[in-house]
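1. Sharing a sequence plus its predicted fold:
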Amino acid sequence: MKLGLLGRTALGLVMIPPISDGQQITVRVADSVGLSTGTRDELRASITGILGQAGITVDFIDCLIGGAKTGAAGCGDPLGPSDFVLRIFPPRLAMNSRQLGYAALTAKGGAYATVFLDPTRRAERVAGLTDGTLLGHAAAHEIGHLLLGPNSHSRTGIMRPFFGPSDEIRMAQGHPLLFSGGEAKRMRAAIEARTLNQGHPPRNTLAALTNSGHLSPITGP
Ligand SMILES: [Zn+2]
């Protein structure tokens with residue numbers, strides 16, 4: 001009797017998704033700088049919160065920690081249409097000392113968000129803003145570019161081209177910069193389109209990103 005009841009309950013859950021047009025992505029984290037466990041947790045929480053507000057749920061797989069392979073399941077699999085790679089690099093790989101990140105798509109549809117952690121700039125930040133929260137915002141911004149395209153900056157919210165002191169105060173106080181409703185809708189549609197195209201981004205988006213050379217830098221204040 002109990003099994004039968006459970007079966008009906010499970011079927012009911014499958015038939016009614018919690019968010020009608022919500023989307024899900026997987027982010028493979030490649031940490032080359034050796035983030036602390038606490039910083040990694042904050043990074044994940046920040047990305048989860050910002051993308052969650054946009055109706056996008058995120059699963060994380062830690063594939064590199066401090067540059068060492070974790071051997072986690074899925075890290076060696078080909079990238080699928082809803083798979084993203086988040087690379088955390090030291091500042092010497094950035095184009096300049098103020099660059100926080102950039103986004104790049106490969107011809108096969110691989111989607112890479114890269115962010116830089118520069119410990120020497122910590123003192124310039126608003127007090128209380130942690131590495132994990134700042135990097136989480138930078139990563140969410142770059143994932144935004146991967147879904148919205150290179151010309152997708154806005155005057156407010158997470159797609160601002162620069163994070164200034166007032167933005168940092170918000171982040172530090174636990175009020176993340178967010179995507180607008182319109183941006184969120186376009187991002188969810190882009191994930192759906194990637195899935196339908198089997199990971200190949202629409203031709204115009206790929207061309208724009210490829211031609212832009214240095215892609216969507218965001219910098220510190
Ligand atoms: Zn940008």
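-> Yes, it's here.
2. What about Q23, how many residues nearby?
-> Per other Cβ atoms under 10 Å, the neighbour tally for Q23 reads 22. In this view, the C-beta of every residue, glycine as well, is placed from N, C-alpha and C.
3. Run the chain-centre distance for the strand or helix carrying A103.
-> Following DSSP states H and E, the helix or strand that holds A103 is strand 99-105. Chain-centre distance of strand 99-105: 11 Å, with Cα atoms, centre = their mean, to the nearest Å.
4. From the contact counts, what lies against it?
-> With contacts taken as 3 or more Cβ pairs under 8 Å, 6 or more residues apart in numbering; DSSP states H and E, strand 99-105 sits against strand 111-116, helix 131-148, helix 203-211, strand 218-219.
5. The longest one - contacts with which helices or strands?
-> Put plainly, it is helix 131-148. Helix 131-148 packs on helix 37-53, strand 83-89, strand 99-105, strand 111-116, helix 165-172, helix 181-196, strand 218-219, going by 3+ Cβ pairs under 8 Å, 6+ apart.
6. Out of those, the one nearest R28 is which?
-> For these, distance to R28 was read as Cβ to Cβ. The smallest value, 5.0 Å, belongs to strand 83-89.
7. any idea how far A139 is from G174?
-> 17 Å (Cβ to Cβ, to the nearest Å).
8. out of the two, which sits in the busier spot?
-> Taking neighbours as other Cβ under 10 Å, A139 and G174 compare with A139 leading, 28 against 9.
9. Spit out the contact partners of the more buried one.
-> 43, 46-47, 86, 101, 113, 115 (Cβ atoms under 8 Å, 6 or more residues apart in numbering).
10. what's the answer for R160, then?
-> Applying Cβ under 8 Å, 6+ apart, the residues contacting R160 are 153-154, 167, 177, 218.
11. Least confident secondary structure element in the protein?
-> Lowest mean confidence among the helices and strands of the chain (mean pLDDT, DSSP states H and E): helix 2-15, at a mean of 42.
12. Following element in sequence after that helix, please.
-> Taking DSSP H and E, what comes next after helix 2-15 is strand 23-31.
13. Walk me through which strands that next one pairs with, and which way each runs.
-> strand 56-65 (parallel), strand 83-89 (parallel) (DSSP bridges).
14. Could you identify which of those strands is most buried?
-> strand 83-89 (a mean of 22; mean count of other Cβ atoms under 10 Å).
15. now the angle between strand 99-105 and that one, please.
-> Comparing the axes of strand 83-89 and strand 99-105 via axes from the mean of the first three to the mean of the last three Cα atoms, to 10 degrees yields an angle of 150 degrees.
16. Can you tell me what sits against strand 83-89?
-> 25-33, 35, 47, 79, 110-117, 135, 139, 143, 146.
17. One more: stretch 186-196?
-> With Cβ under 8 Å, 6+ apart as the criterion, stretch 186-196 contacts 21-23, 25, 54-56, 81-82, 109, 144, 147-148, 179, 200-202.
18. Select only the buried ones of those in PyMOL?
-> Buried residues among the contacts of stretch 186-196 (16 or more other Cβ atoms under 10 Å), as a PyMOL selection:
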select buried, resi 23+25+54+55+56+81+82+109+144+147+148+179+200+201
